[in-house]
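# A structural model of the following input is requested.
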Amino acid sequence: MPPPVADDDHKRRARRRLIGAVALTIVAIIILPLVLEDKPPPAGPLEVHMPQAVQPESNSSQKVVESFPPPSDTLAKPSESENAVADAVTAQQAAAKSSAQTAKAAPKPAKPVEQQPKPVDSGQKSTSYAVQVGVFADKANVQKLQSQISELGLKSYSDGLDGSTRLRVGSFKDRAAAEAMLAKLAAAGIKGQVVEK
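Alright, predicted model coming up:
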């Protein structure tokens, strides 16, 4: 059975409206940017316009520097008496300068140096150094390390420190000798450090 005529009419109108809306949207997308554009698009290739370079001014408009004639000879030349005085002053200054230079250059006589023995303060003791091999809680470790040191031909000593035993090698008056001993021990595989006694 065919649908009623009113329904076909509604469908046709809806299709027309849809097609009209699509057409208006396409026209708006194409035409609207052209309408809103301030300047029309260039018809040909783009041209770049550079401002003209500033022309240097001609020589006639340059400022003229005026030169003045040199002063007359009568005013510039000092008299003979003034020349004599100036020469005398210059000679005195040169003589004073040369005498000052010779005084500086001349070696001063050396003062006799009195060599006096330095007094040794009984309260101040001289610093000596030792190589500390380690601080051990177990005396067996101390004895083992002492035997290794004695095999190298070196003497070591130990002393007690807060319930531990401290093992040291040598007594040296300067740090360099202590560091040389430290290097010798390090070559044998024994670690340590230089300490003040």
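
# Helix or strand: which one has V135?
strand 129-136 (DSSP states H and E).

# in the helix or strand harbouring S147, what counts as buried?
In this assignment (DSSP H and E), S147 forms part of helix 139-151. Neighbour-count burial for helix 139-151 flags V142, L145, Q146, I149 (criterion: 16 or more other Cβ atoms under 10 Å). Glycine gets a C-beta too; all of them are placed from N, C-alpha and C.

# before we move on, the earlier item: can you pull out the residues in contact with the strand holding V135?
With contact meaning Cβ atoms under 8 Å, 6 or more residues apart in numbering, strand 129-136 is reached by 142, 145, 149, 156, 161, 164-175, 177-178, 181-182, 185, 190-197.

# hang on, the earlier thing: can you list the buried residues of helix 139-151 in a markdown table and add distance to G44 and pLDDT?
What follows is the buried residues of helix 139-151, written out as a markdown table (distance: Cβ to Cβ, whole Å; pLDDT from 0 to 100):
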| residue | distance to G44 | pLDDT |
| --- | --- | --- |
| V142 | 103 | 85 |
| L145 | 99 | 87 |
| Q146 | 104 | 88 |
| I149 | 101 | 87 |
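
# From those residues, pick the one nearest E37.
L145 (96.0 Å; Cβ to Cβ).

# Contact partners for the closest one?
Contacts for L145 (Cβ under 8 Å, 6+ apart) come out as V133, G134, F136, S156, L167, I190.
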